[in-house]
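Undergrad: I'd like to go over a predicted model; first the sequence, then the structure.
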Amino acid sequence: MSGSNNAQAGQMAISFKLNAKEYNLTISANERLLDLIRNRLGLIGTKEGCGGGECGACTIIMNGQAVNSCIIPAARADGAEILTVEGLSGGMENELHPLQKTFLEKGAIQCGYCTPGMLLSAKALLDQNEGKEISRELIKEGISGNICRCTGYQKIVDAIYTYARERKGIE
Amino acid sequence: MLFIPMLGKEKALNKGKGEKMKFSNLGKETPILDGLEKVTGRARYVPDLKVEGMLHGRILRSPYPHARLKKVDISKAERISGVRDIITGKKVSQHKFGPMVPDWVILPDDKVRFHGDEVAAVAATSEESAAEALSLIEVEYEVLPAVFDPELAMAEEAPLLYEEKENNIATTFYVHKGDVDKALAGSEIVFEETYQTNQVYQAYMETMAAVAAPGDYERLTMWLSTQIPSMSRLRYAEALEICAEDLRIIKPHVGGGFGAKFEYKAHILAAVLARRTGSPVRMVNNREEDFRAGNPRVPMKIWIKLGLAKDGTLLAKDTRIIAGNGARTVYAPAITSTACYRIDSLYKFKNVRSTGYTVYTNTIPTSCFRGFGNAQMHFAMESALDTICHQYNLDPIKIRQQNGVTPGFTSIHGWEIKSCALKECLDKAVEESNWYDKKKEPAEKSPVKKGIGVAICNHVSGNRPFFKPFDGSSALVRLTPEGKAIVFTGEADIGQGMNTAFALIAAEAVGLDVKNVRTAAVDTDISPFGLGSFATRGTTIGGRAVYEAAVNLKKQLLEHLARVYEKKIEQITINEGQIYFDDQEDPITVAKAIQTISYTLGGTSLVGHGVFVPETVLPDENKYGNVSPAYPFGCHIAEVEVDTETGRARLLNYWAVHDVGRVINKQTLEGQVEGGVMMGAGWALGEDMVVKEGKLLNPNFHDYCLPTAMDTPRGRIYSYFLESGDPNGPFGAKGIGEPSLNPVPAAIANAVFDAVGVRVKNLPITPEKILEGLASA
Amino acid sequence: MTWENYYMPLTTGEAIELLVEKQGKARIIAGGTDLMVQHRSDPLNVRALIDIGRIPGLKEIREDSRRIYIGASVTHSQIVNSALLKKKGRVLVEAARTVGAPQIRNVGTVGGNVVNAQPAADTAIALTALDARIHILSGDGEFEKPVIDTFLGPGKSCIDPSKELVTAFSYSIPGPGERSCFARLARRESLALPIVNLGLWLCLEEDDHILKDIRIAVGPMSTVPFRARETEALLKGVLLDKAVIEKAGRSISDEVTPRDSFRGSADFKKQMIGVILKRSLESALEGKGVDSDEREQ
């Protein structure tokens, strides 16, 4: 059938940095970034919750910004710097990013399906507000693209707020 | 023994005066034990699984709500490269089965009954091939007249979904105790109203998913996103016409369920395709089909009539419910019966009557959703009481204190309320929310008005009639030669933190540090039978089985310690992983001792086995009989603001007080409550499956508006837990999952009424309805 | 997905060359937040996508002596965080902030929002209130027109993304007395399309509340972003007091012709547009929620 031939024709080479590692890959021109991450790289921490950019389960950080990888063409990764949940701890086995640690300690996780995306939205928010004090309202806005059906968000907001204050040295 | 069975009449343990029990592991904020894999993204859910040679399954769904299948032509689709199998109704057995009513077939060969009904299924080597094949299946439909409203479906002239089901009625439930007519005639206050609860979607973040793989010995392994691994094994064996022993169900991490993840057609289709092709088949719903063919909440129209004495004493309750079953029966009949009579054991009713019809319509089959019918009836009952209080100048707190059940009470249906801190829940909620001060506050001058509302709740912790053969659970606790304990249970943690609760219970009962205890993933080849996550039964029934297994393990451990260390059992104490001998200064660790013991036993682990079969009964023909070993209670108070110009209601603060029997893990309890409150708030204030001519208009997260973080209360959700110490629950614990949601819509509706004087009787409470109410005031 | 090639040109010239070369078989993709979703249910019939996200000039927000320019692939987040727009384009900042959620705002562009031509696209409403002009490049050269003239119907724009490339939007730098603000109502606080939305631009006589000029853009009140010209006319040259504001609210409710949808009935939308106009004018009167150049100085 025509499908496979066309797929050959639609290939393109891209290179990008993901979780501090350089990749040079040949991808399909019509591939989604989410599929590249999950299927090709096998990084299953990035979840598909809706496929339409409406739930945030597939959130990654791309060039410093939280984005929904389910509606980003993989081709756009070319030249980009990407962070997924697997890279959050800085690649250290058994080490956790303080946000991961706080999520864990504060009970900000239940089923865990939204957790990776939630963590990355939180990280992007904190990075963008480096050195600033962050209110609970700003945190709520920062994670408002990530649906969580289990927790009612309160423990997630508390966890991010706790870490944001610790980071600033506020007790 | 740490566990002291308590009679319900005895003083509850956490009321200030009573002595407090000392626990090493319970009552704390213990992070969930599987949090590390979740927070690192390593946790695997069914959609993350890859099995060698795995095919991708897709389902062709009906674009019509009711149509005869005249022809299903798969010849073009079969020619797509990569397509391995296509099944239609003509290719599969037409035997009937189903969880409650045998109205399921694997695939229909006669007609489709809802927009989204399964017509054919494809297995292909790639998702793209499967999708292409689907688009090439040619179906000739003869569109039939359809009916969407359950009340209209009961009319004589309505088209029938199943020829043999007169008036489209799937099941009827009827109960009458006392003499309702007489009691109503003698009531000084008689109140009558109709309430409606809408169809809402559970919206678990992981859609319905299965991987089915043929294995050795003609067996089939299924990895399921399910809340009922053991039960689905029995049901799927029936559907596949194989022996249950030839089916192995593994439940990896599950991304939420909230009642939806019971028996599911796509699981069965994956299994059929796997058996036919001899290859593993993956079937994962996309979000749209999960919306269109999931198992949403049973919508209900509830007519209620209450009789009261002038002083507010409840004398009679008469209800009639018409519930939407959708196009085939999942669990709606049980949900309807629950709506009909569970709330009768929240109040001390003497005369109750209830009729519930579960009616077929050409819409999505409905099923369990946190609250299981009790939530629907709580909206009606607790709204009605609020209106009565307003009309007759009665105090909404006192009327609930006055009529609510108390410890030792046996309800009109024979439900034995052994532990109950309902009154204390009301007191605590009133105190923490400053209820009476807030009630006295004058109305705001601005267009935005504040209001406060109360609702109470009950529920079960296990439900004997749910699975006809039995209720109960069994568990194993294995102590390895390394000093680690592993809990084996068939009960399904779907994200609530139940596995952590089990580990805490086992740790407490044996005397271990919970860090050295974990709960194994459910695998029916290894795990004991567990009915699963429903009826708020996990902690109480599953937990009690784990407790019994741990006690059994401890007994064995003590005996071996006595033997190996040449002590008497009475000389030995085990606490937090340390073993103390009364004639010895320094303790030894459990790890060291068990290693020594295991070397004397051929290297074995010690395995404790526990069974819990509650003394519950199947209700008799008049629905009399104690159905649950324990009943949780709670009181919620909602504070809202309502914009009188836009009609928009928002949560300001929320107080949720629950009688949980015993706090096993405070952190996960709070998590359940906060999640339950927001789920209830989403339902109350906007979630709605908008269906037109049987077609769902908003099958996505953009148009189906779940609460986001910005929709949480401006203030906080405050949760409190009272410990009434139930004699049946492990260490006295009762469940929390469903009671955390049951009172929410009513508490919010009552708060909205308090704010602006508008009574919304049909969920959700939309701005339009509030504005209409204001306009007609 | 259907396309076989995905191009990421670095200049507008390259982008136009590609469009010309592909003869209608290629189309522009900006952020893709709408396109990628629409494609799932209604596959695009194109052979190539031309991603304009790497063209530096299209990502700029700048001003010259007369006008403010916003590049077509400026994201909603860029608008929200723009110091220049916070001072001189409040309606746009407020509109952009309500779109989707952070992940959508980080990717979705103002150009995409306008070309997608939804009758209640928030930034399109804001640009309409600002009387912005759209700058378009095609194989035949560059041209510009009022943004409002590009909307032909729901999802229908006069801009053909297989032939034309939007490069920027521009509007006049606000002068003395000019203020703008944005308001919307939605089913929830985030990730929601508006039930109604409104962009307001007005110019007050100095030192009093007489309205020299006003523009009110609303959605979804018609098949396209809608200018409430009758209500504008009612308000022009009038002293803005409580009574006038009440009257304006009633006027706009009468003027608009929304449709019933599951986001709200037509009557509800009519009523609500009146409420948010009233509230926007009140806040303009109080000098709250609106901004203008001279108040910052």
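TA: Nice, I can see it.
Undergrad: I'd assumed residue C:78 was in a strand, is it?
TA: No - applying DSSP: H, G, I helix; E, B strand; the rest coil, one finds residue C:78 to be helix, outside a strand.
Undergrad: once you drop chain neighbours, what's closest to it?
TA: Spatial nearest neighbour of residue C:78, chain neighbours left out: residue C:61 (6.6 Å); criterion: C-beta to C-beta, 6 or more residues apart in numbering or on different chains. In short, each C-beta sits where N, CA and C put it, glycine included.
Undergrad: residue A:104 too?
TA: Going by C-beta to C-beta, 6+ apart, residue A:104 has residue B:35 as its nearest residue, at 4.4 Å.
Undergrad: so how far is chain C from the one you found?
TA: 24 Å (C-beta to the nearest C-beta, to the nearest Å).
Undergrad: let me see the contact set for that residue.
TA: A:103, A:104, A:109, A:112 (C-beta atoms under 8 Å, 6 or more residues apart in numbering or on different chains).
Undergrad: distance of the residue in the stretch 51-200 of chain B positioned nearest to chain A relative to residue B:128?
TA: At 4.8 Å from chain A, residue B:81 is the closest residue in the stretch 51-200 of chain B, using C-beta to the nearest C-beta. Residue B:81 is 10 Å from residue B:128, where distance means C-beta to C-beta, to the nearest Å.
Undergrad: and for residue C:147?
TA: From residue C:147 to residue B:128 the distance is 39 Å (C-beta to C-beta).
Undergrad: swap in residue A:160?
TA: For residue A:160, the distance to residue B:128 - C-beta to C-beta - is 39 Å.
Undergrad: who has more neighbours, those two?
TA: Using other C-beta atoms under 10 Å in any protein chain shown, the more surrounded residue of residue A:160 and residue B:128 is residue A:160, with 30 against 16.
Undergrad: packing partners for the helix or strand hosting the more buried one?
TA: According to DSSP states H and E, residue A:160 maps onto helix A:154-167. Applying 3 or more C-beta pairs under 8 Å, 6 or more residues apart in numbering or on different chains; DSSP states H and E, one finds that helix A:154-167 makes contact with helix A:98-105, helix A:115-128, helix A:136-142, helix B:666-685.
Undergrad: would JSON lines of those with mean pLDDT be doable?
TA: Below are the helices and strands packed on helix A:154-167 laid out as JSON lines (pLDDT from 0 to 100):
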{"stretch": "helix A:98-105", "mean pLDDT": "97"}
{"stretch": "helix A:115-128", "mean pLDDT": "98"}
{"stretch": "helix A:136-142", "mean pLDDT": "97"}
{"stretch": "helix B:666-685", "mean pLDDT": "98"}
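Undergrad: closest to residue B:298 out of those helices?
TA: helix B:666-685 (12.8 Å; C-beta to C-beta).
Undergrad: in the stretch 51-200 of chain C, what residue is nearest chain A?
TA: Counting by C-beta to the nearest C-beta, the stretch 51-200 of chain C gets nearest chain A through residue C:101, at 2.6 Å.
Undergrad: show me the strands in the chain, by range?
TA: All of this is about chain A. A:11-18, A:21-28, A:59-62, A:65-68, A:81-83 (DSSP state E).
Undergrad: nope, chain C please
TA: C:5-7, C:26-29, C:48-51, C:61-63, C:67-71, C:133-138, C:141-146, C:151-153, C:156-157, C:164-172, C:178-186, C:194-204, C:211-219, C:226-227.
Undergrad: repeat for the stretch 1-150 of chain B
TA: B:55-61, B:67-73, B:83-88, B:111-112, B:118-124, B:138-143 (DSSP state E, counting those that start in this stretch).
Undergrad: mean neighbour count for the strands of chain A - can I get that in CSV?
TA: Converted to CSV, the strands of chain A look like this (neighbours: other C-beta atoms under 10 Å in any protein chain shown):
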stretch, mean neighbour count
strand A:11-18, 16
strand A:21-28, 14
strand A:59-62, 28
strand A:65-68, 28
strand A:81-83, 20
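Undergrad: quick one: which of these is nearest residue B:135?
TA: Closest among those, once you apply C-beta to C-beta, is strand A:21-28, at 19.5 Å.
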